[in-house]
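Engineer: output the structure for:
(chains A and B)
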Protein chains: 2
Amino acid sequence: MGNLKTAGARGYIVDAVPASAAPGAVNPAAEFDAYLKRRVRLVEETLAQRLHQPPGPAARLLEAMRYSLLAGGKRLRPVIALAACEAVGGKLESAMGLACALEMIHTYSMIHDDLPCMDDDDLRRGKPTNHKVYGEAMATLAGDALLTDAFGVLARLTPPAVARGALVETVAELAAAAGSPGMVAGQTLDLMDEGRAVSLAELEDLHARKTGALFVAAAVGGGRLGGGIESQLAALDAYARALGLAFQVIDDLLDVEGSTEQVGKRTHKDKDRGKATYPALLGIAASRRLAERLRADAIDALAAFDHRAEPLRRLAKLVVERKQ
Amino acid sequence: MGNLKTAGARGYIVDAVPASAAPGAVNPAAEFDAYLKRRVRLVEETLAQRLHQPPGPAARLLEAMRYSLLAGGKRLRPVIALAACEAVGGKLESAMGLACALEMIHTYSMIHDDLPCMDDDDLRRGKPTNHKVYGEAMATLAGDALLTDAFGVLARLTPPAVARGALVETVAELAAAAGSPGMVAGQTLDLMDEGRAVSLAELEDLHARKTGALFVAAAVGGGRLGGGIESQLAALDAYARALGLAFQVIDDLLDVEGSTEQVGKRTHKDKDRGKATYPALLGIAASRRLAERLRADAIDALAAFDHRAEPLRRLAKLVVERKQ
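Structural biologist: Numbers count the residues shown, from 1 in each chain, chains lettered A, B, ... in the order given. Coordinates of the predicted model:
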């Protein structure tokens, strides 16, 4: 990844400019691409280290955890946490514990959501789902362990320089975002709403819990661990709410428009299950417009931030333009 | 619970002597009983408050969580945490967050262990298991939410007076005790070992993870949050290891000797499933002697503590003499 720490004062990346880039000729798209790749790599290396364990009696459990955790994926929540931390002037390391915890929690939620008693899915990220490979009992346990270990990683990896209050608040907010008021409530509503007529407001509430809460925990938590002040955290909250909803609207559109090969999981399943979606409620064109407006809202929320928030702005673009 | 804070200097209870007790005539057994009842009540009140939520779209999720969490039970782990905190001279409030978190994690583990894909049990604490009442999907989610919320309760309820280091270490140790190196590894071994010949050393390792780890997290965490020094934490660690194993030996004995009515869950199931147990490996009389020796070990570990560790000593007696 050559020429570390050579970018100019205007660049938001101080450690990831390609060696081939001529001074002053940084291509913004390439710069963002390098920024993203480096952070995804750092998160994946840290996760792999945390889940490394000499072969022991429960080696199979670790294998099942690693199977889903290290299966690729966009690593969107960790990158948001790191980018929010850096946007307020914090060091990347300050949010690395949160970044890894978010990905572990996201992964556990997918393993449990895919279980036969839940959504009963066979395919995830182009691979057989966890329980198809390891069985239901082990998949349940692998999810339980990823969720539990996530809080240990957050506690262990957050540097001592982060203030007590910021760390404790981040633990509590992550638990609320993932737990009974947040993601689990969203999954509960999702199960209960199947086949039922759902209003636009109800659908928005469902997604704010099921997807949005973890996006908000990423952005606000990252900002808080980076030393952000209240007005910055409020802006990051607004950014993440818009981004989370945009993410879900696009997810619904991909389910309608995409093929399984392209998206890496079974598509058209929302309709098969009678799940409410944005395209079903608004139509495809209006859903696309909504996603565009949410992207603009997300970027507007960051108006008071300087160039260091550029990765967050580009992430909003990425989320809305993604094809999987 | 009259006459609060009137016990003499020798009494380890400063807030729970019955109004009827004549001065200087405190009965140790009655004193311990009052001590226990008051702490169980405090934990149950706090848990009920934390899981109180105005009826909302996910009210059913909260109902499923409360069904198992507030179904009674010995509340042994919370009481150990509170008693360890008080044994080192700490205030009860310092360990209340940990106490509640431990019970929530213990409850989640029972809900998931009882699932059809795991132990497939219909009865727990004399009541139908969670999935028999709420279905598999909701039981999985209720367990997930209890586990997640537990870390929020620990973060939110621990008073600001507890030092950053003590709280962060407690979060990390609780996660390790409950997660992939601890309880989940124990459950994995339990599932994998069914029907296989298991050595005494393997059985001890299984139980150290499945049951012991949470006992240790309770005792050491409680001591740490109470301001205990390293030698005290090491003693509490030894106490809890012996106590945890004694608990499991007795559990195995109750499964062989007890009736379903008495124990409140299906008995004789270990043998039906080909699970290794202490009575099967050692015989009933030797298992009983082992439990007695472990009780003595637990009490010996507390030799350097004063009268404030008396509840911990009596808890060891209670665990070995229990009938359910």
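Engineer: does A:His298 touch A:Leu318 like I think?
Structural biologist: For residue A:298 the amino acid is Ala, not His. No - contact criterion Cβ atoms under 8 Å: A:Ala298 and A:Leu318 do not qualify, at 11.2 Å. Every residue, glycine included, has its C-beta placed from N, CA and C.
Engineer: tell me which of those two has more neighbours.
Structural biologist: A:Ala298 (27 against 17; other Cβ atoms under 10 Å in any protein chain shown).
Engineer: and the more buried one, how far from B:Ala150?
Structural biologist: 32 Å (Cβ to Cβ, to the nearest Å).
Engineer: try A:Asp149
Structural biologist: Taken as Cβ to Cβ, the span from A:Asp149 to B:Ala150 is 14 Å.
Engineer: which elements pack onto the helix or strand containing A:Glu204?
Structural biologist: Assessed by DSSP states H and E, A:Glu204 sits inside helix A:200-207. Helix A:200-207 sits against helix A:183-193, helix A:230-257, helix A:278-282, with contacts defined as 3 or more Cβ pairs under 8 Å, 6 or more residues apart in numbering or on different chains; DSSP states H and E.
Engineer: quick one: it to helix A:230-257, angle?
Structural biologist: Going by axes from the mean of the first three to the mean of the last three Cα atoms, to 10 degrees, helix A:200-207 is angled at 110 degrees with respect to helix A:230-257.
Engineer: need the residues that contact helix A:200-207.
Structural biologist: A:186, A:189-190, A:193, A:198, A:244-245, A:248, A:276-278, A:281-282, B:57 (Cβ atoms under 8 Å, 6 or more residues apart in numbering or on different chains).
Engineer: from the chain's centre, how far out does it sit?
Structural biologist: 19 Å (Cα atoms, centre = their mean, to the nearest Å).
Engineer: give the contact list for A:Leu294.
Structural biologist: A:Ala242, A:Leu243, A:Leu245, A:Ala246, A:Val249, A:Val320.
Engineer: which strand or helix spans it?
Structural biologist: helix A:284-301.
Engineer: helix or strand right after that helix?
Structural biologist: helix A:310-321.
Engineer: and the average pLDDT for that next one is what?
Structural biologist: Mean per-residue pLDDT for helix A:310-321: 96.
Engineer: go on, stretch A:298-307?
Structural biologist: 98.
Engineer: please apply the same query to stretch A:62-71.
Structural biologist: 95.
Engineer: how about stretch A:284-294?
Structural biologist: In this model, stretch A:284-294 has a mean pLDDT of 96.
Engineer: may I have that stretch as PDB, with CA atoms only?
Structural biologist: These are the backbone C-alpha positions of stretch A:284-294, laid out as PDB (Å, rounded to 0.1, in the frame of the first residue of the first chain):
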ATOM      1  CA  ILE A 284     -40.000   1.400  -8.000                       C
ATOM      2  CA  ALA A 285     -39.500   4.900  -9.300                       C
ATOM      3  CA  ALA A 286     -40.700   6.600  -6.100                       C
ATOM      4  CA  SER A 287     -38.500   4.300  -4.000                       C
ATOM      5  CA  ARG A 288     -35.500   5.200  -6.100                       C
ATOM      6  CA  ARG A 289     -36.300   8.900  -5.600                       C
ATOM      7  CA  LEU A 290     -36.700   8.400  -1.900                       C
ATOM      8  CA  ALA A 291     -33.200   6.800  -1.700                       C
ATOM      9  CA  GLU A 292     -31.800   9.700  -3.600                       C
ATOM     10  CA  ARG A 293     -33.400  12.200  -1.200                       C
ATOM     11  CA  LEU A 294     -32.200  10.300   1.800                       C
END
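Engineer: can you give me the buried ones in it?
Structural biologist: By neighbour count with 16 or more other Cβ atoms under 10 Å in any protein chain shown, stretch A:284-294 contains the buried residues A:Ser287, A:Arg288, A:Leu290, A:Ala291, A:Leu294.
Engineer: can you check stretch A:202-221 too?
Structural biologist: A:203-221.
Engineer: interface residues of the stretch 201-324 of chain A facing chain B?
Structural biologist: Contact residues, the stretch 201-324 of chain A versus chain B (Cβ under 8 Å from any Cβ of the partner chain): A:Glu202, A:Asp205, A:Arg209.
Engineer: wait, what's in contact with the last one?
Structural biologist: Okay, so that is A:Arg209. Per Cβ under 8 Å, 6+ apart, neighbours of A:Arg209: A:Pro181, A:Gly182, A:Met183, A:Ala185, A:Gly186, A:Leu189, B:Ala58.
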